[in-house]
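*Asks:* Let's see this in three dimensions:
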Amino acid sequence: MNSLKKITKFCLNYAKRFPVRRYTQNTQKGISPKLIESADKDKLVEFLAQHYYPYEPLNVSLRVERLPDAVSEQSEFYASHAIQDKCSYMLVNNENKIVAVILNKIETRSMFTPWKCKNPHVCTLAKFYNHVYLECMVTKKFDTDKFLNIEVVAVDLNYVGKGLSQWMVTLTKDYAKNNKIKLITLICTSNYTALSAMKAGFLEAYKLHYVDYHVEGKQVFNPKPPHKEVVVFALSIFVTQ
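*Replies:* Okay, the predicted model is just below:
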């Protein structure tokens, strides 16, 4: 039985034991989902600067949040993907303020290209993500030519614990199903995000401890506990032919 079949079997059993709660606009009063579009770019970049970089373990380890050029380059990278593929979502409150985002990108076996960068700190992150991607070998391991990768999940601290991450993952699952994408992946650099991924039914596909990742003989990342490893999670989506 190949890896994708194992994940499919697990997800079917998981769904029976733990039905996924459907998050809708009625779940959180005053909060609505919205597809991210070009007009949202400036707000998205500002939100990432306030609610993503200061808390994401690898950015914190490199102190990237203190480097405007590095923050700007990463923001442009993620924002362009979010807008280009039209499969990323944000949750806004009744004042039209962003309170959470999930940034997704559609990947294919033939279209993957390494993340090119300019800022040395961003290049350090890019090389690491490229390394993890190639080591995991998603398309080969799960025998698929196309998958949806969740690049960023970020929630305003004032809204943490309200189920917004799960809501956005549900939106992403629905998109994948409606567009006949059979696999969703998520690279978790944070222990908290990893716990959320498992809660959503994702299965571990690859893991690398930060202490084991070296460049020129030196450990690159040393985040504070409990963040000690990067984990690639995968979720099989059931689609009708």
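
*Asks:* so how far is the strand or helix carrying residue 99 off the chain centroid?
*Replies:* Under the criterion of DSSP states H and E, residue 99 resides in strand 98-108. Centroid displacement of strand 98-108 relative to its chain, using Cα atoms, centre = their mean, to the nearest Å, is 7 Å.

*Asks:* Next secondary structure after it?
*Replies:* Sequence order places helix 120-136 as the next helix or strand after strand 98-108, per DSSP H and E.

*Asks:* quick revisit: remind me what the strand holding residue 99 packs against, helices and strands.
*Replies:* helix 41-51, helix 68-85, strand 89-92, strand 146-155, helix 164-178 (3 or more Cβ pairs under 8 Å, 6 or more residues apart in numbering; DSSP states H and E). Quick note: C-beta positions are derived from backbone N, CA and C, even for glycine.

*Asks:* closest to residue 58 out of these?
*Replies:* Closest to residue 58 of the helices and strands packed on strand 98-108, according to Cβ to Cβ: helix 68-85, at 10.9 Å.

*Asks:* Run the angle between the strand holding residue 99 and helix 68-85 for me.
*Replies:* Angle of strand 98-108 versus helix 68-85, following axes from the mean of the first three to the mean of the last three Cα atoms, to 10 degrees, is 70 degrees.

*Asks:* Return the distance of the residue located most distally from the centre of the chain relative to residue 80.
*Replies:* Distance from the C-alpha centroid of the chain peaks at residue 217, with 28.9 Å (Cα atoms, centre = their mean). Per Cβ to Cβ, to the nearest Å, residue 217 is found 35 Å from residue 80.

*Asks:* In the protein, where is pLDDT below threshold?
*Replies:* Low-confidence segments of the chain (pLDDT under 70): 1-28, 110-115, 240-241.
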